[in-house]
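quick check, what structure comes out for this input:
(one chain, ligands or ions: 2)
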Amino acid sequence: MLPLVKIHQAVSQAEDNGLFRKLTSLYDKIPQTECQRCATCCTVPWPAYIVEFLHAFRYINKNMPEKWPDFIAGAVRYYFLELVDINQRCPFLDENNNCSIYEVRPFTCRIYGLFSRGDEGDVARRNMERLAEKYRAEHGIELPREIVEFKLPRCSRVRVTNSRHKKPQELLHLLTADLGQLESFFVPAPVVDSQYTFVPYVNHLVMSIVTEGARYRRPRVMKEFLEKGHSELLESYVEKFKRTSF
Ligand code: SF4
Ligand code: SF4
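Residues are numbered from 1 along each chain as shown. Ligands and ions are numbered 1, 2, ... in the order given. Below is the predicted model:
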């Protein structure tokens, strides 16, 4: 993850090396789709690589810098509460169910509904059960069952409207590999393969701006929220970090 002081430098490096141009051209190859735009899939922010995080960071800085306080507040809330509050949503989803960063949304948001999801749901469920056990054992926190058992329904309402490739899923695998190549500009290939930097945009942002001390207190915020339905500690963090200037 990139520390705050290194973000602008990383954006410049990406520009100088044509990474954003290559990323845009990669996005352009994804089969075009249409759907009902119900935003159910935006309940969970999707993972993105560093290069995509920087791409969106630059877009927001250029086109809507006044939105940073809201985005940061949403990201900080999401980060602290995602395991205890089922109502948390991707901070880029606006009140009309539109994506505020639609032009630069990550690859994973673009391909939702195109991949067969196989048994990913079972894997996610097992991971959540392990996480619930960890919070119970280490922090005395009982994660709500509705969150542990939450499963994003597979969407069958995505329709491919334009694809020059006969096998869209094969194409997506190739593009995923290309995306990994772009990421290897920032981290060594084994790190790309481990998917260590492939985390939701929310996490990229929070890791850059929220101090380690605050992140360390995440369980305290979660506990407070479960007990009182709100967290004063969290609100103090939101107030502090949303004033971050880039
Ligand atoms: S892909 Fe499916 S779940 Fe996501 S917005 Fe479109 S219709 Fe809704
Ligand atoms: S970035 Fe946009 S498309 Fe992706 S989950 Fe968030 S609101 Fe949805």
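
please report how far the residue positioned nearest the centre of the chain lies from ligand 2.
Nearest residue to the geometric centre of the chain (CA atoms, centre = their mean): residue 200, 2.1 Å. Distance, residue 200 to ligand 2, by CB to the nearest ligand atom, to the nearest Å: 8 Å. In this view, the C-beta of every residue, glycine as well, is placed from N, C-alpha and C.

and the strand or helix carrying residue 220, average pLDDT?
Using DSSP states H and E, residue 220 falls within helix 218-228. For helix 218-228, the mean per-residue pLDDT is 98.

C-terminal to that helix, what's the next element?
helix 232-241.

which of the residues in that following helix are buried?
The neighbour-count check on helix 232-241 (16 or more other CB atoms under 10 Å) flags 233-234, 237-238, 241 as buried.

using a markdown table, lay out the residues you listed together with pLDDT.
Output for the buried residues of helix 232-241, formatted as a markdown table (pLDDT from 0 to 100):
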| residue | pLDDT |
| --- | --- |
| 233 | 97 |
| 234 | 98 |
| 237 | 97 |
| 238 | 97 |
| 241 | 96 |
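
out of these, which two sit at the greatest distance?
By the measure CB to CB, those have their two most distant members at 233 and 241, which lie 12.5 Å apart.

and the gap between residue 51 and ligand 2?
Noted for residue 51: a distance of 15 Å to ligand 2, by CB to the nearest ligand atom.

so the closest residue to that residue other than its chain neighbours is in which element?
In space, and not counting its chain neighbours, residue 51 is closest to residue 182: 4.9 Å by CB to CB, 6 or more residues apart in numbering. In this structure, residue 182 sits in helix 168-183 according to DSSP H and E.

where does this structure have its least confident helix or strand?
Across the helices and strands of the chain, mean pLDDT, DSSP states H and E gives its lowest value to strand 159-162, namely a mean of 83.

hmm, it in reach of ligand 1?
No - applying CB under 6 Å from any ligand atom, one finds strand 159-162 out of contact with ligand 1, separated by at least 9.6 Å.

go ahead and confirm the residue nearest to the centre of the chain touches residue 48.
Yes - applying CB atoms under 8 Å as the test, residue 200 and residue 48 come out as touching, 6.8 Å apart.

still on that earlier bit, closest to ligand 1 out of the buried residues of helix 232-241?
The closest of the buried residues of helix 232-241 to ligand 1 turns out to be residue 238 (CB to the nearest ligand atom; 27.3 Å).

pretty sure the closest one contacts residue 71?
No - assessed by CB under 8 Å, residue 238 is found out of contact with residue 71, at 11.7 Å.

what's around residue 195, how many residues?
12 (other CB atoms under 10 Å).

what residues does this structure have near ligand 1?
So the chain meets ligand 1 at 35-41, 112-113, 155, 157-158 (CB under 6 Å from any ligand atom).

among the residues you listed, name the buried ones.
41, 112-113, 158.

tabulate the CA atom coordinates of the least confident helix or strand of the chain in CSV.
Only the C-alpha atoms of strand 159-162 are listed here, as CSV (Å, rounded to 0.1, in the frame of the first residue of the first chain):
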residue,chain,number,x,y,z
ARG,A,159,-26.2,-8.7,-21.1
VAL,A,160,-23.2,-8.5,-23.4
THR,A,161,-24.0,-5.8,-26.0
ASN,A,162,-20.7,-5.6,-27.8
